[in-house]
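Chemist: Sharing a sequence plus its predicted fold:
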Amino acid sequence: MKYVTTINDQEYILEIIDEHHIAIDGVAYEMDFTQVGGQPVFMVVLNGQSYEALVYEEEDEWQVVLRGEMYRAIVEDEREKRLRAALESGPIINGEFHLKAPMPGLVVTIPVSDGQSVEKGDVLLILESMKMQNELRSPRPGKIARIRVAPGDRVEQKQTLLSVV
């Protein structure tokens with residue numbers, strides 16, 4: 001499984017190869033990771049070098065204290081990163097907003113209909129991708145216009161699904 005990890009605005013691609021091996025930006029490392037005594041303290045052995053780290057999970061990030069330095073890390077799998085990027089793309093406040101597929105997938109259901117009024121945050125479409133169902137929500141209030149897909153349709157990334165005016 002690959003993860004995108006952001007530390008101090010720098011992105012790293014982390015791939016878990018197996019139980020004792022990882023790759024960071026394509027460079028393989030031997031690693032062992034053990035929690036100490038039920039506390040947020042972990043012993044990390046990376047290529048034979050031992051490190052002690054304090055690790056705290058917050059709402060959407062991890063705080064890691066390593067060698068006296070604190071790092072804030074955001075860890076997302078590739079799917080989560082695409083979804084966040086799609087949601088942060090900044091919809092147009094006035095005019096038409098085109099809901100686009102953040103990833104390839106299967107349209108499971110469309111709980112809205114043409115002409116229906118929606119509020120910010122309402123579910124517009126449920127898209128299944130990688131065996132997970134993702135609720136795509138309205139970024140603003142408006143009316144549904146031009147639904148371009150139907151339940152059961154396979155869609156490609158960035159394909160326009162429907163519009164909100």
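Modeler: Yep, it's here. Residues are numbered from 1 along each chain as shown.

Chemist: Now for residue 120: which residues touch it?
Modeler: Counting by CB atoms under 8 Å, 6 or more residues apart in numbering, residue 120 touches 137-141. From N, CA and C alone the C-beta is placed, and that goes for glycine too.

Chemist: and it, how far is that from residue 17?
Modeler: Shown here: residue 120 relative to residue 17, a distance of 42 Å by CB to CB, to the nearest Å.

Chemist: do the same with residue 135
Modeler: Taking CB to CB as the measure, residue 135 and residue 17 are separated by 32 Å.

Chemist: same thing with residue 7?
Modeler: 20 Å.

Chemist: what does residue 9 give?
Modeler: As defined by CB to CB, residue 9 lies at a distance of 26 Å from residue 17.

Chemist: Comparing these two, which residue is more hemmed in?
Modeler: More crowded of residue 9 and residue 17, by other CB atoms under 10 Å: residue 17, with 13 against 5.

Chemist: Please work out how many residues are found near the nearest residue to the more buried one once chain neighbours are set aside.
Modeler: In space, not counting the residues next to it along the chain, residue 17 is nearest to residue 23; the distance is 5.9 Å by CB to CB, 6 or more residues apart in numbering. In terms of burial, residue 23 registers 14 neighbours under the definition other CB under 10 Å.

Chemist: likewise residue 72?
Modeler: Once other CB under 10 Å is used to define contacts, residue 72 is seen to have 12 neighbours.

Chemist: same thing with the one 5 residues further on?
Modeler: Counted with other CB under 10 Å, the burial measure for residue 77 works out to 14 neighbours.

Chemist: Look up how far residue 135 lies from the nearest residue to it once chain neighbours are set aside.
Modeler: Nearest in space to residue 77, with sequence neighbours left out and distances taken as CB to CB, 6+ apart, is residue 3 at 5.5 Å. Using CB to CB, residue 3 is found at 22 Å from residue 135.

Chemist: go on, residue 76?
Modeler: 17 Å.

Chemist: what stretches of the chain score poorly on pLDDT?
Modeler: Within the chain, the ranges that satisfy pLDDT under 70 run 81, 83-94.
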